[in-house]
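Asker: Just need the structure, nothing else, for what follows:
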Amino acid sequence: MELKDYRINPMDFAIACVQSSSDKITVEEKLRVYKKAYEEATKFADQIQKELN
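Answerer: Numbers count the residues shown, from 1 in each chain. As a prediction, the model looks like this:
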């Protein structure tokens, strides 16, 4: 996989994950989904940035 071909905005990704989650989960669970998605997307974005440098 060529990381330089990818772009990701961690905040937008995390929001999309929450929006696509079940309506039946609690707000607390949605916050957990947001936090985990943001953390993972940030790691991925950092990998991309390192490859570009």
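Asker: For the rest of this, base every contact and every neighbour count on C-alpha atoms.
Answerer: Fine.
Asker: got the residue ranges for the helices in the chain?
Answerer: 10-19, 27-52 (DSSP state H).
Asker: between those helices, which one is nearest to residue 2?
Answerer: Nearest to residue 2 among those is helix 27-52; the distance by Cα to Cα comes to 8.9 Å.
Asker: What residues sit buried inside that closest one?
Answerer: Along helix 27-52, these residues count as buried under the neighbour rule (16 or more other Cα atoms under 10 Å): 30, 33, 34, 35, 37, 38, 41, 42, 44, 45, 48.
Asker: now that helix against helix 10-19, angle please.
Answerer: 140 degrees (axes from the mean of the first three to the mean of the last three Cα atoms, to 10 degrees).
Asker: quick one: contacts for the residue lying closest to residue 15 once chain neighbours are set aside?
Answerer: Distances taken as Cα to Cα, 6 or more residues apart in numbering put residue 34 closest to residue 15, at 6.5 Å, once the chain neighbours are dropped. Applying Cα atoms under 8 Å, 6 or more residues apart in numbering to residue 34 gives the contacts 14, 15, 17, 18.
Asker: Any of these buried? List them.
Answerer: Among the contacts of residue 34, the ones that count as buried by 16+ other Cα under 10 Å are 14, 15, 17, 18.
Asker: Identify the farthest-apart pair in these.
Answerer: Once Cα to Cα is applied, the buried ones among the contacts of residue 34 give 14 and 18 as the farthest pair, at 6.4 Å.
Asker: so residue 17 touches residue 37, yeah?
Answerer: Yes. The criterion here is Cα atoms under 8 Å, and residue 17 meets it with residue 37 at 6.9 Å.
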